[in-house]
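1. Provided below for reference: sequence and predicted model.
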Protein chains: 2
Amino acid sequence: MALRYAILVALSEGPKSGYDVAKQFDESIGFFWRARHSQIYREMGKLKESGFAVAEEVPQSGKPNRIVFTITDEGREALLQWSREPSEPPEMKDHFLVQLYGIESVDLEGVRQNLLRRIERHQDRHAEYVMKHKLLEDSNSLSDVGKQLALEVGMRWEWEWVDWCTKALERLLPEAVAKMTNVVPFKQGKTKHAEQ
Amino acid sequence: MALRYAILVALSEGPKSGYDVAKQFDESIGFFWRARHSQIYREMGKLKESGFAVAEEVPQSGKPNRIVFTITDEGREALLQWSREPSEPPEMKDHFLVQLYGIESVDLEGVRQNLLRRIERHQDRHAEYVMKHKLLEDSNSLSDVGKQLALEVGMRWEWEWVDWCTKALERLLPEAVAKMTNVVPFKQGKTKHAEQ
DNA sequence: CATATATATTCCACTAATGGAATATAGGAG
DNA sequence: CTCCTATATTCCATTAGTGGAATATATATG
């Protein structure tokens, strides 16, 4: 049920085709709600059936016609209603934590590899969020403050992971850490958004 | 595919019935991989079919017989293999962040209510993790260090949320925050695990 | 005495999500 | 000239996950 509202958020900025929405999911909304194009197209069809959007076919030559969806007043109202519903925080769901939880039945070298891998991944994601955040940081409009805040959750989360992974490596495999001195040139990241 | 391994982790501690596993999911493993009992029973049947566990019916009177599953060598091997596979960090998936992202199309009072609600929820969850963590903190066994580390991810995450939510309230709705002085008696929590 | 809770499993309808094939063409890189 | 990427949508098989009914009884709470 949530994907439809994520799509309505996208449509509330202006009319879009399924392709447009899928692209926006890839580069922004998808940070917080990932969805494949097949799912998006299907859901947009349902949005139309529910009267939350109207569709208009825009002829093109060479490629399939664009089907542009526009949000209706009912759609806007549904979005408002949705935001008034009490929302529970999502559960954590991470099989790597399950591995740690059962670490005695699991391959320690595998865990080490995955910790190193995660440090990289989370640094990358952190960098992505920082980049997106930079584009907005001068603005004080409500809309941009909302986006800033959402990105800040991402930045905090990714940074905590990087920090935790390096500490986990030290706790579990101190010998392994001694060998790698260059992996986390990152310590300033902390003060940057965790303090201040 | 991951649920089966979470169950194998549970079984690697000793033979268990579906009921036992479901209970353990509710109180520990489920912090990191939530599953309903219907799903667990189904998956345990498949575990048996795959030869990763063997089942033995233990007669009882008054209630349905217990069907106790024991992990096999194949099961243990599968668990090891799984932990050697590179694992990608899961995507964030939180519809509240989607609401923030589209804050201009959404009900601000709803957002405020949800922020307040989340502060409570995340404080509760944080307290749960701290409690579980306390039970293990004196131990240095590999197995308990693994569990400690997993719980520490939870503690960090929940604490970051509480902190972020209060800051978000201030940024979005400063007048509303002035009225509530008693909501977050929490500031010491930070130093406790984020520094040190 | 009634009610709720704990024990223990099976089954099923339903919704959500994954992942990729299929179709069709323009435009740019090598 | 070929290959890749971008544009744009439809369709579908499969897996994962939700949520609750049904069954059966002991024990504890009020």
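-> The structure has been received and is ready for your questions. Numbers count the residues shown, from 1 in each chain, chains lettered A, B, ... in the order given.
2. Please point out which parts of the longest helix along chain A sit buried.
-> Longest helix in chain A, counting residues (DSSP state H): helix A:142-172. Across helix A:142-172, burial judged by 16 or more other CB atoms under 10 Å in any protein chain shown covers A:144-166, A:168-169, A:172. Heads up, the C-betas are built off the backbone N, CA and C, glycines and all.
3. ditto for stretch A:24-37
-> Using 16+ other CB under 10 Å as the test for burial, stretch A:24-37 gives A:Q24, A:F25, A:I29, A:G30, A:F31, A:F32, A:W33, A:R34, A:A35.
4. Just confirm yes or no for it near DNA strand C.
-> Yes: using CB under 7 Å from any atom of the strand, stretch A:24-37 comes into contact with DNA strand C via A:R34, A:A35, A:R36, A:H37.
5. Tell me which two in those are the farthest apart.
-> A:R34 and A:H37 (11.5 Å; CB to CB).
6. Distance of A:A127 relative to chain B?
-> Per CB to the nearest CB, to the nearest Å, A:A127 is found 14 Å from chain B.
7. A:P59 now?
-> 30 Å.
8. Kindly report the same for A:R42.
-> 18 Å.
9. ok, how many other residues are close to that residue?
-> Neighbours of A:R42 under the rule other CB atoms under 10 Å in any protein chain shown: 14.
10. A:S61 too?
-> Counted with other CB under 10 Å, A:S61 comes out at 5.
11. A:M92 too?
-> 18.
12. Can you tell me the element it falls in?
-> Using DSSP states H and E, A:M92 is not contained in any helix or strand.
13. Same question for the one 5 residues further on.
-> When secondary structure is defined using DSSP H and E, the element that contains A:L97 is helix A:95-101.
14. Which of the residues of stretch A:24-37 next to DNA strand C sits closest to B:D138?
-> Nearest to B:D138 out of the residues of stretch A:24-37 next to DNA strand C is A:R34 (CB to CB; 40.3 Å).
15. Residues of chain A that sit close to DNA strand D?
-> Chain A comes close to DNA strand D at residues A:17-20, A:22-23, A:37-38, A:41-42, A:45, A:60, A:63-68, A:93, as judged by CB under 7 Å from any atom of the strand.
16. Ramachandran angles for A:E128?
-> Phi and psi for A:E128, reported as degrees, to the nearest 10, are phi -60, psi -50.
17. Strands along chain A, start to end?
-> Taking DSSP state E as the criterion, chain A carries its strands at A:16-17, A:53-58, A:66-71.
18. Can you spell out which helices and strands pack onto the first one?
-> Packing partners of strand A:16-17 (3 or more CB pairs under 8 Å, 6 or more residues apart in numbering or on different chains; DSSP states H and E): strand A:66-71.
19. Going by distance to B:M131, which of the buried residues of stretch A:24-37 wins?
-> Distances from B:M131 to these, taken by CB to CB, are shortest for A:F32, at 29.5 Å.
20. List the contacts of the nearest residue to the closest one once chain neighbours are set aside.
-> Nearest residue to A:F32, sequence neighbours excluded (CB to CB, 6 or more residues apart in numbering or on different chains): B:L97, at 3.8 Å. Neighbouring residues of B:L97 by CB atoms under 8 Å, 6 or more residues apart in numbering or on different chains: A:F31, A:F32, A:W33, A:A150, A:V153.
21. Can you name the two of those residues that sit furthest apart?
-> Every pair of these checked by CB to CB; the farthest is A:W33 and A:V153, at 12.9 Å.
22. what touches both of these two?
-> Common neighbours of A:W33 and A:V153, counting by CB under 8 Å, 6+ apart, are B:D94, B:L97.
23. check contacts around the residue nearest the centre of chain A.
-> Chain A has A:F31 as the residue nearest its centroid, 1.6 Å off, counting by CA atoms, centre = their mean. A:F31 is in contact with A:E128, A:Y129, A:K132, A:A150, A:L151, A:G154, B:M92, B:L97, counting by CB under 8 Å, 6+ apart.
24. How many neighbouring residues does the third one have?
-> Around A:K132 there are 18 other residues, counting by other CB under 10 Å.
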